[in-house]
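Asks: below: sequence and its predicted model.
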Amino acid sequence: MNDLSEASREAASRRFECVVMKFGGTSVEDAAAIRRVCQLAARPSPYRPALVVSALSKVTDHLMNAGWAAAEGRLESARASLQLLRQRHETVANELVNGEECGSLVRELAEEFKLLENVLSKIAWEKAFTPQSQDQLLGGGEVLSSKLVHCALRAAGVDAALVDAKQCIVTDAAHTRATPLWVETNERLNAVLVPLLEAGRVPVMGGFVGATRDGIPTTLGRGGSDFSASIVGAGLHANRIEIWTDVDGIMTTDPNLCPDARRVARMSFDEAADLAYFGAKVLHPATLVPAMRSNVPVWVLNSRNPECPGTEIVAHCESSGGVKAITSKRGVAIVDVEPVRWFAPELLREVFDVFERHQHTLDLLSASRGSLALLVSSVTALPAIAEELKGMANVRWENHKALVCLVGEQVRRHPEIAGQAFRAVGDIDVRMICQGASERNISFLVDESRAVEAVQRLHRAFFSTSQPAAEYSPSLAMCQAEGAWQ
Ligand code: ADP
Ligand code: ASP
Ligand code: MG
């Protein structure tokens, strides 16, 4: 029996319908934003909500900076940053709840800050900001925000229950980019959350964080609260997962780069996964994986504009074949691997093995008679990799590249799309053009300094103003949320 039919069976046997609502950093940035979250969670709905929340906006960045300051011997400055964060959280607490409830919330926040201060002292003592310490420190942001949201909901009359994500999301020990251990995680999620939901309570948990089987804190990678929401939604076989953020949905490109970007009404899991993988910050790259597996539809919605219908991401979305969105992934490096003698098949195997041993993922690969070109998102392990391949191949790399990607079901089947795209960027030096590996995307590499311009020109070429600006749905009439994931 496949995952999907099991999911349907379980959902059918359950006594409640449920929605996982994830609120990102800007959606919980201050007391006003958290009040909006409370209103959204308390709205009449056929679904029982479970909430996953990010840290207050920029808190994770500040914690990261404090960690580096402590490691570099500037413990006082690190403590001062933590003190500012404490004041910010206390201010929000005071604006959200009154009286004794506020007193006990502030005491709980103080306890968490004490733990974080101890982590900073440990980092300073070790003179190193290890991946383990990073997870201990950064995860604090979500612990703090979940406490604030929990109390705000209770003050608003919602029977909220605070859930420790470390008790539910069980991961491997790959600190700073951990992967869930699915069976254990699903068991824990069902054991902890289902009784709360059945009792009509609203679970609130921090995103981004998890813990190993031994309870050592881990995190799922920057932006990982989207992934948490999808893990929870899939584990509970929720009816839907809602990603509440600061834009109207998935747009035809990052609205920060093109203010005339339009909302995409509907897209497939695969299209959204490609966009996330190729750099669209609106979703963590792994977000769609659990949702796809359990066939739970995902909605991207704007917490500042909740009446906007957002973007619906479903298993299958028939398409007329147009470009749905354009994205770019910065900070990419191109690695040239040139065999010392000739290009033997063993070289390819060895290259894969070496990259795997160094836990270095490859974004893209292109092979020709004489050499191999690889794209990677980090260069840290490349000197060691080059050393290991010495004698077999010479390895050189160039930094500061960006991968630009056009996404849409079947774009590859429409040769005029590639023609139009390359005409638009005709005078920009492009490399690593990749059109055949997937039906759904066309990608190419440019210098990072030309990435914004390339995206803007492509956006103009494919989404110029001849269409109504409020919404873009090239294939809306043909879209349908079909039951099965293929
Ligand atoms: P959150 O804090 O809610 O997780 P993020 O900042 O991580 O929000 O993601 C939302 C941001 O993603 C938007 O403000 C926007 O600038 C950026 N973004 C990049 N590409 C896209 C896109 N194609 N559609 C919508 N937003 C995008
Ligand atoms: N707070 C974490 C980050 O900023 C996770 C998230 O917001 O999704 O990376
Ligand atoms: Mg995010």
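Replies: Everything's here; your move. Ligands and ions are numbered 1, 2, ... in the order given.
Asks: which residues of the stretch 151-300 of the chain lie near ligand 2?
Replies: 207, 208, 222, 223, 224, 225 (CB under 6 Å from any ligand atom). C-beta: built from backbone N, CA, C; applies to glycine.
Asks: just the pLDDT for the fifth one.
Replies: Right, the one you point to is residue 224. What the model reports as pLDDT for residue 224 is 98.
Asks: tell me which residues touch it, please.
Replies: Neighbour list for residue 224: 207, 208, 284, 286 [criterion: CB atoms under 8 Å, 6 or more residues apart in numbering].
Asks: compare the residues of the stretch 151-300 of the chain next to ligand 2 and tell me which is most surrounded.
Replies: Counting neighbours by other CB atoms under 10 Å, residue 207 leads these with 33 neighbours.
Asks: test my guess that that residue contacts residue 142.
Replies: Yes. Residue 207 lies in contact with residue 142 (CB atoms under 8 Å); the separation is 5.8 Å.
Asks: shared neighbours, the two?
Replies: Common neighbours of residue 207 and residue 142 (CB under 8 Å, 6+ apart) are 53, 54, 165, 225.
Asks: who does the first one bridge with?
Replies: Yep, that's residue 53 we're talking about. As for beta bridges, residue 53 partners with residue 23, residue 206 under DSSP bridges.
Asks: my understanding was that it contacts residue 28; is that so?
Replies: Yes. Assessed by CB under 8 Å, residue 53 is found in contact with residue 28 at 5.6 Å.
Asks: next, count neighbours for residue 396.
Replies: That count, for residue 396 with other CB under 10 Å as the rule, works out to 11.
Asks: before we move on, what about the one 10 residues further on?
Replies: Neighbourhood size, residue 406 [other CB under 10 Å]: 29.
Asks: for the host helix or strand of it, give the mean pLDDT please.
Replies: Take DSSP states H and E as the rule and residue 406 turns out to sit in strand 393-407. Here strand 393-407 scores 93 as its mean pLDDT.
Asks: identify the residues contacting the helix or strand following that strand?
Replies: Where DSSP H and E defines the elements, the next helix or strand beyond strand 393-407 is helix 415-424. Helix 415-424 is contacted by residues 321-323, 406, 408, 411, 430, 435, 442, 457-458, 460-462 when judged by CB under 8 Å, 6+ apart.
Asks: among the residues you listed, which are located in strands?
Replies: 406, 442 (DSSP state E).
Asks: and the contacts of helix 415-424, which two are the farthest apart?
Replies: In the contacts of helix 415-424, two members sit farther apart than any others by CB to CB. They are 321 and 430, at 22.4 Å.
Asks: now the helices for the stretch 201-350 of the chain?
Replies: 225-235, 269-277, 288-294, 345-357 (DSSP state H, counting those that start in this stretch).
Asks: buried ones in the shortest one, by neighbour count?
Replies: Just to be clear, that refers to helix 288-294. 288, 289, 290, 291, 292, 293, 294 (16 or more other CB atoms under 10 Å).
Asks: quick one: stretch 260-279 to chain centroid distance?
Replies: Chain-centre distance of stretch 260-279: 13 Å, with CA atoms, centre = their mean, to the nearest Å.
Asks: near ligand 3 at all, that stretch?
Replies: No. Using CB under 5 Å from the ion, stretch 260-279 never reaches ligand 3; the gap is at least 10.1 Å.
Asks: show the end-to-end separation of that stretch, please.
Replies: 19 Å (CA to CA, to the nearest Å).
Asks: could you report the distance from the closest residue to ligand 1 within the stretch 301-450 of the chain to ligand 2?
Replies: Closest residue of the stretch 301-450 of the chain to ligand 1, CB to the nearest ligand atom: residue 325 (5.2 Å). Counting by CB to the nearest ligand atom, to the nearest Å, the gap from residue 325 to ligand 2 is 20 Å.
Asks: and that residue, how many neighbours?
Replies: Neighbours of residue 325 using other CB under 10 Å come to 29.
Asks: in this structure it contacts residue 250, no?
Replies: Yes. Residue 325 lies in contact with residue 250 (CB under 8 Å); the separation is 6.5 Å.
Asks: common neighbours of the two, please.
Replies: The contact sets of residue 325 and residue 250 overlap at 264, 267, 275, 280 (CB under 8 Å, 6+ apart).
Asks: now neighbour count too, for the residues you listed, in CSV please.
Replies: Output for these, formatted as CSV (neighbours: other CB atoms under 10 Å):
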residue, neighbour count
264, 28
267, 29
275, 29
280, 22
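Asks: mind putting these into a markdown table with pLDDT?
Replies: Shown next, in a markdown table, are the shared contacts of residue 325 and residue 250 (pLDDT from 0 to 100):
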| residue | pLDDT |
| --- | --- |
| 264 | 96 |
| 267 | 95 |
| 275 | 95 |
| 280 | 94 |
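Asks: which members of the residues of the stretch 151-300 of the chain next to ligand 2 are the farthest-apart pair?
Replies: Once CB to CB is applied, those give 207 and 222 as the farthest pair, at 11.6 Å.
Asks: relative to residue 222, how far out is residue 138?
Replies: 9 Å (CB to CB, to the nearest Å).
Asks: pick the one among the residues of the stretch 151-300 of the chain next to ligand 2 closest to residue 127.
Replies: residue 222 (23.9 Å).
Asks: which residues of this protein lie near ligand 3?
Replies: Close to ligand 3, as judged by CB under 5 Å from the ion, the chain has residues 24, 223.
Asks: for the chain, give the residue positioned nearest to ligand 1.
Replies: For the chain and ligand 1, the shortest gap (CB to the nearest ligand atom) falls at residue 24, measuring 1.9 Å.
Asks: list the contacts of that residue.
Replies: Contacts of residue 24 (CB under 8 Å, 6+ apart): 54, 225, 226, 243, 244, 245, 246, 303.
Asks: can I get those in JSON lines including distance to ligand 1?
Replies: Shown next, in JSON lines, are the contacts of residue 24 (distance: CB to the nearest ligand atom, whole Å):
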{"residue": "54", "distance to ligand 1": "6"}
{"residue": "225", "distance to ligand 1": "6"}
{"residue": "226", "distance to ligand 1": "6"}
{"residue": "243", "distance to ligand 1": "7"}
{"residue": "244", "distance to ligand 1": "7"}
{"residue": "245", "distance to ligand 1": "3"}
{"residue": "246", "distance to ligand 1": "5"}
{"residue": "303", "distance to ligand 1": "8"}
